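Enquirer: based on what follows, work out the 3D shape:
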Amino acid sequence: MRLVLDTNVVVSGLLWNGAPARLLDAAQTGELELFTSTRLLAELAGILTRAKFAKALAATSLSREELVLGYAELATVIAPSAIPPTIAADPSDDQVLACALTANADMIVSGDKHLHSLGGKYNSIRIVRPAEAVSIVEAG
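Expert: As a prediction, the model looks like this:
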């Protein structure tokens, strides 16, 4: 199964336990494939600099750079094709859509209201929340 994780899902998975962390674990064991792009990795690096994540980041005993590089090694980094503007309320979310489309992903995993405003699908790619993705992956 091929997944693109929205950046906030990646942050949650790297810093805390829960459904996002279970998805990262499943990728490590080869149960699923993750895809990202250099723009999504840059967004991840930027988000991890926020003060609200400092305590959780310190608890990992890893630097922000080590977390980003570790995720880049876990996921396949691709160069997404351009897509027409899709999410006017948050154009940066178009990067997630473009990555998923180019990766031929089965699912986009996100809690983002803008992505979910697309009605659960983008083209033929399902848009699901982390807990639902875990259920789908575990069901095989």
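
Enquirer: next, count neighbours for Glu132.
Expert: For Glu132, the neighbour count with other Cβ atoms under 10 Å is 15. Heads up, the C-betas are built off the backbone N, CA and C, glycines and all.

Enquirer: which stretch of helix or strand covers it?
Expert: helix 130-139 (DSSP states H and E).

Enquirer: from the chain's centroid, how far away is that helix?
Expert: 14 Å (Cα atoms, centre = their mean, to the nearest Å).

Enquirer: pLDDT (mean, whole number) over it?
Expert: Averaging pLDDT along helix 130-139 yields 96.

Enquirer: can you tell me which helix or strand Pro80 belongs to?
Expert: Short version, using DSSP H and E: Pro80 is in no helix or strand.

Enquirer: so what's the closest residue to it other than its chain neighbours up against?
Expert: Among residues not flanking Pro80 along the chain, Ala98 sits closest, at 3.8 Å (Cβ to Cβ, 6 or more residues apart in numbering). Listed by Cβ atoms under 8 Å, 6 or more residues apart in numbering, the contact set of Ala98 reads Ser37, Pro80, Ser81, Ala82, Ile83.
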